[in-house]
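Got a predicted model here, sequence first, then my questions.
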Amino acid sequence: MGRIGIYGGSFNPPHVGHTLAMREMVRTLDLDRLILIPALAPPHKKLESGSPDAETRLEMLRLATEGMERVVIDDQELRRDGPSYTSDTVHALHKRYPDDRLYLLMGTDMFLSFDSWHKPEKICRHAALAVVHRETADPTLTARIQEQAEKLRKQFDAEVVVLDNQVEDMSSTETRRMLHFQCANTYLAPRLLEYIQQKGLYGTGENWKNLPFEQLRKISLSLHNPKRVPHVIGCCETAARLARRWGADEAIAARCGILHDVTKALSKRAQLLLCEKYGIMTNAFERENYKLLHSRTGAAVARHIFGECDEVYDAIYWHTTGKANMTLMEKILYISDYMEPQRSFDGVETLRELTERDLDAALLCGFEMSIALLESEGKALDRNTVEARDYLQSERTKE
């Protein structure tokens, strides 16, 4: 009796994280064969707008897995009309390999929602569930997986195997973003990256510099996590309004706002790659607190990918920490990010009222609130924020 793994997905695009996981799956389960199943229309999520067609994704998967032993591609879901139900795929493979042991491989998110899938009991009759998870990464998640495994055993008589994932997490979503930012070399096999660039997939080869605002807005928002979009729109609109109020360039303020978090969704790995690509020097504090880096990398992307001016670059660069002696546009973006309409915390209304009559007072209030919050949580302070507060206090004392 052979051991066969089944690994499905949209593979949009297939990245190094996929191929490293495939090798781990073959090794840890001692598989005789790992069957890859690219989905035509995944029932649990929609393909991103502008995604390559099925045949192109199939070719990308072939290029990504060239030379891999015991790995084969099955295009049955691409040839099937309608949603790509895993229950139908597993049933078809069971009929093809009736004497072999099938393992359906999946990530933790898919496993935790498995009981809501189409005909989960049918899947469990024919295949064991193999969950890829790094146990040392999140003890709370490990406990949830164990609870779900016990639930599925009782509900569907499921066989559940949890595989310790030693591969660094990587996603197709982040890979697409890094393609936009021209920094996906380490995410994709060389021949696959060349194919994507030749075909102009995922926006590669397009000129995004000096776009009209509505085009810039559309592209920028597509690069954010969906939950972040209302904040970005709120910051953009607030920055434009404050620019009108305080005599700054409203159009530039709007561009600052719509781009200020453009790299916010990226992982630490991606942030550091962008720093390396664009020559951004980082210190130990920033590498430890990598979420601060999105202001630096966002500014670089605004300049190098979107062709924005120095005023936009500088405002985005300092919008998270602030600094001493900020320009008017830097002040506007910092405070807009802090108190746009989606924000809700004690004192935000006071902050909003201050922005209408004394921008520096609002800025100082924002720095003091930010520092107090970090100190109350026992978190380290960025020296630029402290210097920004001290500078404003000194200036107001002179007045």
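Yes, it's here.

name the element Leu105 belongs to?
Under the criterion of DSSP states H and E, Leu105 resides in strand 101-106.

Give the rounded mean pLDDT of that strand.
Rounded to a whole number, the mean pLDDT of strand 101-106 is 96.

Could you do stretch 384-399 as well?
89.

other SSEs contacting the strand holding Leu105?
Identification of packing neighbours for strand 101-106 by 3 or more CB pairs under 8 Å, 6 or more residues apart in numbering; DSSP states H and E yields strand 3-9, helix 86-96, strand 128-133. (C-beta placed from N, C-alpha, C; glycine too.)

can you give me the offset of it from its chain's centre?
Distance of strand 101-106 from the chain centroid (CA atoms, centre = their mean, to the nearest Å) equals 27 Å.

Report the angle between it and strand 3-9.
30 degrees (axes from the mean of the first three to the mean of the last three CA atoms, to 10 degrees).

right, so of the helices and strands packed on strand 101-106, which gets closest to Ile332?
The closest of the helices and strands packed on strand 101-106 to Ile332 is strand 3-9. By CB to CB, the value is 43.0 Å.

Give me the next element, helix or strand, following the closest one.
helix 16-29.

From the chain's centre, how far out is that next one? Work that out for me.
Chain-centre distance of helix 16-29: 22 Å, with CA atoms, centre = their mean.

Now do the helix or strand following it: which elements does it pack against?
Note on helix 16-29: by DSSP H and E, the next helix or strand toward the C-terminus is strand 33-38. In terms of contacts (3+ CB pairs under 8 Å, 6+ apart), strand 33-38 is packed against strand 3-9, helix 16-29, helix 54-64, strand 71-73.

Next, format the ones you listed as a markdown table and append distance to Gln148, mean pLDDT and mean neighbour count.
Listed next are the helices and strands packed on strand 33-38 as a markdown table, based on distance: least, CB to CB, whole Å; pLDDT from 0 to 100; neighbours: other CB atoms under 10 Å:
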| stretch | distance to Gln148 | mean pLDDT | mean neighbour count |
| --- | --- | --- | --- |
| strand 3-9 | 19 | 96 | 21 |
| helix 16-29 | 20 | 92 | 18 |
| helix 54-64 | 29 | 95 | 19 |
| strand 71-73 | 28 | 97 | 16 |
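
Identify whichever of the ones you listed lies nearest to Ala315.
For the helices and strands packed on strand 33-38, the distance to Ala315 is smallest for helix 16-29, at 33.9 Å, taking CB to CB.

what helices or strands is the closest one leaning on?
Using 3+ CB pairs under 8 Å, 6+ apart, helix 16-29 sits against strand 3-9, strand 33-38, strand 128-133, strand 160-164.

Buried by neighbour count: which residues of the last one qualify?
In this case it means strand 160-164. Val160, Val162, Leu163 (16 or more other CB atoms under 10 Å).

and of the residues you listed, the nearest to Ser267?
Distances from Ser267 to the buried residues of strand 160-164, taken by CB to CB, are shortest for Leu163, at 21.5 Å.

That closest one and His133 touch, don't they?
Yes - Leu163 is in contact with His133 according to CB atoms under 8 Å; the separation is 7.0 Å.

now the helices and strands packed on strand 101-106 as JSON lines including distance to Arg62?
Compiled in JSON lines, the helices and strands packed on strand 101-106 are given as follows (distance: least, CB to CB, whole Å):
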{"stretch": "strand 3-9", "distance to Arg62": "15"}
{"stretch": "helix 86-96", "distance to Arg62": "19"}
{"stretch": "strand 128-133", "distance to Arg62": "22"}
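
Would you single out the least confident of these?
Among the helices and strands packed on strand 101-106, strand 128-133 scores lowest, at a mean of 91.

got the buried residues for that strand?
Ala128, Leu129, Ala130, Val131, Val132, His133.

and the gap between the residue nearest to Ile37 when sequence neighbours are not counted and Thr238?
Here the nearest residue to Ile37 in space, its sequence neighbours aside, is Gly8; by CB to CB, 6 or more residues apart in numbering that works out to 3.9 Å. Between Gly8 and Thr238 the distance is 43 Å, computed by CB to CB, to the nearest Å.

got it, and Ser49?
Separation of Ser49 from Thr238 (CB to CB): 27 Å.

the more surrounded of these two?
A direct count of neighbours by other CB atoms under 10 Å for Ser49 and Thr238 places Thr238 higher, at 25 against 6.

Would you mark the buried spots in the helix-or-strand element of the chain with minimal mean pLDDT?
Confidence across the helices and strands of the chain bottoms out at helix 284-288, with a mean of 84, counting by mean pLDDT, DSSP states H and E. Within helix 284-288, the residues that count as buried by 16+ other CB under 10 Å are Glu286.

tell me, what residue is most central in this structure?
In the chain, the residue lying closest to the centroid (CA atoms, centre = their mean) is Ala265, at 4.3 Å.

isn't that one right up against Arg177?
Yes - between Ala265 and Arg177 there is a contact under CB under 8 Å: 6.8 Å.

if we can go back for a sec, may I see the helices and strands packed on strand 33-38 arranged in CSV, with distance to Glu311 as well?
Below are the helices and strands packed on strand 33-38 laid out as CSV (distance: least, CB to CB, whole Å):
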stretch, distance to Glu311
strand 3-9, 43
helix 16-29, 37
helix 54-64, 40
strand 71-73, 50
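
Could you check the pLDDT of Thr136?
With respect to pLDDT, Thr136 scores 61.

what do you get for Lys46?
For Lys46, the predicted pLDDT is 69.

related to what we said a few turns ago, now do the following helix or strand past the least confident helix or strand of the chain: which elements does it pack against?
Once helix 284-288 ends, the next helix or strand along the chain (criterion: DSSP H and E) is helix 293-304. Judged by 3+ CB pairs under 8 Å, 6+ apart, helix 293-304 is in contact with helix 250-259, helix 268-277, helix 310-317.

quick one, which of the ones you listed is packed in tightest?
helix 250-259 (a mean of 24; mean count of other CB atoms under 10 Å).
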